[in-house]
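Peer 1: Structure for the following, please:
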Amino acid sequence: MSAEEPGKSVISGELAGRSAGESGVEPAAESVLAGWLCGRASWGLRSVAGGLLAVLVWELHRTSPTLGMDNDFVVRAARALLDGGAPYADKRFLYLPSAVLAAVPEALLGPRELRLLVPVAGAAAVLVGWWASLRIFRVGAGSRLAALGVVGLVFFEPLRNVVNIGNWTLASVVALPVAVLCAVRGRWTAAGAVVGCALAIKPMLVPLLLLFVLARRGRALAVAAGIPVAASVAAALVMPRPAMFFTHTLPFLLRGQDAFARPYDASVGMILTRLGVPAPLAYGVAVLAAAVGLGCARVRWRRAGGGPRRLVETAAMLMLAAFLVSRPSFDHYLLVVLGPLLASVVAAGSVPRTAWFWCALLPQVSGFAWPHLEAIQRRAFRDAAALWLLAGVTAWICAARWRAPVAAAGPAEESAGGREPVRGAF
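Peer 2: All right, here's what the predicted structure looks like:
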């Protein structure tokens, strides 16, 4: 039971609407498919999953010429701080001042150590995020779904990309499912702390703050916003010229970075301008698409019931709406929402229960050659197909049943089946 507000927990009727004795035995399996996925995986399947991931990490460690490219920007900023320089003198360092302090331990390592650390830490972060995603729906780490998910992720291009370059998006890949898991268990302040720590490392989960607004969790919102602010102020006090964040870095970000990032930008506005649409109209469409996504997230939240699914789909929709309009929007951003959405396959009516969800992932499967889209200059069109379709499918699931009963006013988790938490569910 939560220490902060006993008696409030978001456990859905679809997953926890049984007696206490039943809820601790097996995850809810309302279908043969869900029951099979929740069953224990064989040692052979788990060995294959672990072996494939290990081979991917080793391959990147030995052969990748771009290994740790994005991580290097942050490490250079930390080394500049240790040498008495200004971290924001490098225009490629785009994070908050708090990220500089977080990168100091890496700055003390040599190139050989970093070349091993980057892919290992990246793969570990994805595994932790996947584990937390499974636990949201009370699926075990030794289940078939857990093993099959790892196998599938190995052949997912965004995972290969983010593990290779070491982008700190990985912090959000871990933080979003962990925060949702905390919220599902009624620990909203802990969820806010998780989001706040992720924002201090990379401010990607800013749209997730709206989840606390929808849930009317002011304390969690204050914690989530306060941690990065406090950490950044503390970091700014020990670094030279911290104001460069506002005079150099922030304007650079608001312009959508530069020509280096644009070929990889899958946002609606950038893709439409590359197709010849006038920029004002293109970015107007992007803002409209994001607004529709936010509306669908609000509709999903207001729909009564659905506990874990409700939280996962609302959080995913908030993030996908932001990815549609953010500049730039890279392929590995999909990993932030993919784990929780994929884990929801055990729940009836979830996003992965539609064929279009899998169609959205198809463009990112490694090994397929897509005509005219393999060149670096055109890769963003393939990424956009995946992002836009996934956002559309999630929006449809969130809003298609808009006539369903709306949750009563007040803290939303009270409408998820009673005030008392389900004991033994976790």
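
Peer 1: only C-alpha atoms for contact and neighbour calcs from this point on.
Peer 2: Will do.

Peer 1: Asp90 contacts Arg79, correct?
Peer 2: No: applying Cα atoms under 8 Å as the test, Asp90 and Arg79 come out as separate, 11.5 Å apart.

Peer 1: So which of the two has more stuff around it?
Peer 2: More crowded of Asp90 and Arg79, by other Cα atoms under 10 Å: Arg79, with 20 against 15.

Peer 1: how near is the more buried one to Pro97?
Peer 2: Arg79 sits 13 Å away from Pro97, going by Cα to Cα, to the nearest Å.

Peer 1: Equivalent analysis for Cys38, please.
Peer 2: Separation of Cys38 from Pro97 (Cα to Cα) stands at 42 Å.

Peer 1: what do you get for Leu373?
Peer 2: Distance from Leu373 to Pro97, counting by Cα to Cα: 37 Å.

Peer 1: now do Pro119
Peer 2: To Pro97, Pro119 is 24 Å away according to Cα to Cα.

Peer 1: neighbour count winner among those two?
Peer 2: Pro97 (29 against 26).

Peer 1: for this structure, what helix or strand is lowest in average pLDDT?
Peer 2: Ranked by mean pLDDT, DSSP states H and E, the weakest helix or strand in the chain is helix 20-23, scoring a mean of 32.

Peer 1: so what's the spatially most central residue of the chain up against?
Peer 2: Nearest to the geometric centre of the chain sits Val336, at 1.7 Å (Cα atoms, centre = their mean). For Val336, the contacting residues are Thr169, Leu170, Ser172, Val173, Val174, Leu176, by Cα atoms under 8 Å, 6 or more residues apart in numbering.

Peer 1: Okay, now the unreliable bits of the stretch 301-426 of the chain?
Peer 2: Under the criterion pLDDT under 70, the flagged ranges of the stretch 301-426 of the chain are 304-306, 374, 401-426.

Peer 1: Let me see the ranges of the helices in it.
Peer 2: In the stretch 301-426 of the chain, the helices defined using DSSP state H, counting those that start in this stretch lie at 307-325, 334-343, 355-361, 379-399.

Peer 1: Looking at these, which is nearest to Ser64?
Peer 2: Comparing the helices of the stretch 301-426 of the chain against Ser64 with Cα to Cα, the closest turns out to be helix 379-399 (18.9 Å).

Peer 1: Helix 307-325 and the closest one, what's the angle between them?
Peer 2: In terms of direction (axes from the mean of the first three to the mean of the last three Cα atoms, to 10 degrees), helix 379-399 departs from helix 307-325 by 140 degrees.

Peer 1: which other helices and strands contact helix 379-399?
Peer 2: Under the contact criterion of 3 or more Cα pairs under 8 Å, 6 or more residues apart in numbering; DSSP states H and E, helix 379-399 touches helix 268-274, helix 279-302, helix 307-325, helix 355-361.

Peer 1: winner for burial among these?
Peer 2: Across the helices and strands packed on helix 379-399, the average number of neighbours (mean count of other Cα atoms under 10 Å) peaks for helix 307-325, which reaches a mean of 27.

Peer 1: Would you mind putting the CA coordinates of it into CSV?
Peer 2: Taking Å, rounded to 0.1, in the frame of the first residue of the first chain, the C-alpha atoms of helix 307-325 are listed here in CSV:
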residue,chain,number,x,y,z
GLY,A,307,-6.1,1.0,-14.8
PRO,A,308,-2.7,0.0,-16.3
ARG,A,309,-3.9,0.3,-19.9
ARG,A,310,-5.3,3.7,-19.1
LEU,A,311,-2.0,5.0,-17.7
VAL,A,312,0.1,3.4,-20.5
GLU,A,313,-2.1,4.6,-23.4
THR,A,314,-2.4,8.1,-22.0
ALA,A,315,1.3,8.4,-21.3
ALA,A,316,2.2,7.0,-24.8
MET,A,317,-0.3,9.3,-26.5
LEU,A,318,1.2,12.4,-24.7
MET,A,319,4.7,11.5,-25.8
LEU,A,320,3.7,10.5,-29.4
ALA,A,321,1.9,13.8,-29.8
ALA,A,322,5.0,15.7,-28.7
PHE,A,323,7.2,13.6,-31.1
LEU,A,324,5.0,14.6,-34.0
VAL,A,325,5.7,18.3,-33.5
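
Peer 1: Good, wrapping up.
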